[in-house]
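**Q** Following is a predicted model, sequence given first.
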Amino acid sequence: MGQLKRYRGYILSEAGRHKLQAQLSRLESQKGYKFTLQVLARQTQFIDPQGLHSTTIKKIVEQQIGVDERSLKILFQSLELELELQDYHPATQQESLFQPVGLSNEPKATEPKQRQSPEFPGGPVPLNSPYYIEQPILQTRASSEISQSGGLIRIKAPRKMGKSSFMLRLLNHATSLGYRIFEIDLQRADETIFSSIDHFLRWFCTILSYQLELPSKLDDYWDAEAGSKISSTIYLQQVLLKEARVPIVLLYKEIDRVFEYPVIFREFFPLLRSWYEEAKSSTALHKLRFILSYSTEIYVPLNLNQSPFNVGLPINLPQLTLEDVQVLAQTYRLSSEVAPPLMELVNGHPYLIQLALYHLWSGQSTLPDLLNKAATPVGIYASHLNHCLTSLQAGAGLAEAFKRVVQANTGVVLELAIARKLESLGLIQFDDVCQAKPMCKLYQQFFATQLSLNPQN
């Protein structure tokens, strides 16, 4: 009889299911990341060296196929739960499918259980969302790099091209490995922070101390005679990394802001490169991993042996392909025939594609109406286009340069600094001979009109 019960297996009861789901929600809220099947599989290894395979865990949480009692017990114990008699019973019949959020592998866009309502586009696409086009090769390479001592990943893409969504998945993977994430957002730094390398590095170390919930001890380690670069390195080694029991990922968001301050980048980037090289060896910095997020190519003059932008793993996020847009359209429960005209208009731009599909899905626009009004002040892109226009007008020479680009029949040669800023805004792309062209037809139509109307341009 025991063999028969083991063969047929056990499934969770409704009480057990609710118990498991409540604990997962509590732990996810507490730890700040999703307990995917892979995370749960690693979690069970703390209870049993072999752990449970993600397929076994999937059977348990979906209540599809029975498993043995031992597997249920291991899963519950790994989540600090006690398996009780009322939590499970023999699998006597096929149960209805159950799939808590965050526990599934990424399904195909056509599978009906993904038919959840999309969020309005704008921020990062949530984890496990069916409305995200995975980049499996890039994601696998990035996951491998981040797992190594001194791993360094350089994520480059213009605004609204998917950096935040990609990083969200990479950071979720790092967190699932038990790593701590320290975020250094350069856009949040006051202008005075960039007045000197000493001021900048003290700010940097203070930000890390806050995230470790440590009182700042900078004055105990800062030595004016040794210099700020040596002082910050010692502080990193002897204070921050000693307190950290697990690897640390230093995420530098919008690091290209530093490019505007020669007094900083000439000192800080070689220092960052030295940390990377030291972390690669068995030293006090071996816990460090690095992610650099930026919007443009690197044009600042740096010695090749001192630059952090020619080492590690480069990630250049691509635009969506026609096939990608067709998959997304089907996920939005739209005809794949909407893909070609949208590609012609916005050229695979992830945010602009998502915004169009959302409006078509919600019934706020029809495809002909959307296309006809796209480049007008009443179209769905009006807010985004006006934001880009404001950015152009705020930058010296940007509007005039981009006016030349949108009015030309061929590519335009631009001054390097101007080209970098237009690229970071996502307004231009480069042809085979590095001449600038509008990123898409939408931008060409809108800005050719708007920039001509403004006499200041």
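**A** That came in fine, so what should we check first?
**Q** In the chain, what helix or strand scores lowest on average pLDDT?
**A** helix 2-8 (a mean of 39; mean pLDDT, DSSP states H and E).
**Q** Could you tell me which residues within stretch 339-357 count as buried?
**A** 339, 342-343, 345-357 (16 or more other Cβ atoms under 10 Å). To be clear about C-beta, it is placed using only N, CA and C from the backbone, and glycine gets the same treatment.
**Q** That should have said stretch 66-83, apologies.
**A** Neighbour-count burial for stretch 66-83 [16+ other Cβ under 10 Å]: 66-67, 71-79, 81, 83.
**Q** ditto for stretch 189-200
**A** By neighbour count on 16+ other Cβ under 10 Å, the buried set for stretch 189-200 is 189, 193, 194, 197, 198, 200.
**Q** and the two most separated of those residues?
**A** Largest separation among these by Cβ to Cβ: 189 and 198, giving 14.4 Å.
**Q** Quick one: classify residue 296 as helix, strand or coil.
**A** coil (DSSP: H, G, I helix; E, B strand; the rest coil).
**Q** how about it, what does it touch?
**A** By Cβ atoms under 8 Å, 6 or more residues apart in numbering, residue 296 lies in contact with 156, 158, 256, 420, 421, 423, 424.
**Q** which one of the buried residues of stretch 66-83 is nearest residue 185?
**A** Closest to residue 185 out of those is residue 79 (33.0 Å), distances taken as Cβ to Cβ.
**Q** Was I right to think the closest one contacts residue 43?
**A** Yes - in this structure, residue 79 is within contact of residue 43 by Cβ atoms under 8 Å, at 7.0 Å.
**Q** if we can go back for a sec, in helices only, show me the contacts of residue 296.
**A** 420, 421, 423, 424 (DSSP state H).
**Q** What is the neighbour count of the third one?
**A** This means residue 423. Residue neighbour count, defined by other Cβ atoms under 10 Å, stands at 22 for residue 423.
**Q** quick one on the thing from earlier: of all pairs in the contacts of residue 296, which one is the farthest apart?
**A** Maximum distance among those (Cβ to Cβ): 14.9 Å, for 156 and 421.
**Q** Between these two, which has more neighbouring residues?
**A** residue 421 (25 against 21).
**Q** So, low pLDDT: which residues of the stretch 251-400 of the chain?
**A** For the stretch 251-400 of the chain, residues meeting the criterion pLDDT under 70 lie at 297-300.
**Q** what ranges do the strands span in it?
**A** 288-294, 313-316 (DSSP state E, counting those that start in this stretch).
**Q** Distance to residue 224 added to these, as a markdown table?
**A** Output for those, formatted as a markdown table (distance: least, Cβ to Cβ, whole Å):
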| stretch | distance to residue 224 |
| --- | --- |
| strand 288-294 | 26 |
| strand 313-316 | 37 |
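**Q** Please name whichever of those strands is nearest to residue 402.
**A** Closest among these, once you apply Cβ to Cβ, is strand 288-294, at 20.6 Å.
**Q** my read is residue 89 is in a strand, agree?
**A** Yes - the assignment for residue 89, made by three-state DSSP, places it in a strand.
**Q** residues touching the nearest residue to it once chain neighbours are set aside, list them.
**A** Spatial nearest neighbour of residue 89, chain neighbours left out: residue 13 (5.4 Å); criterion: Cβ to Cβ, 6 or more residues apart in numbering. Residues near residue 13 by Cβ under 8 Å, 6+ apart: 86, 87, 88, 89.
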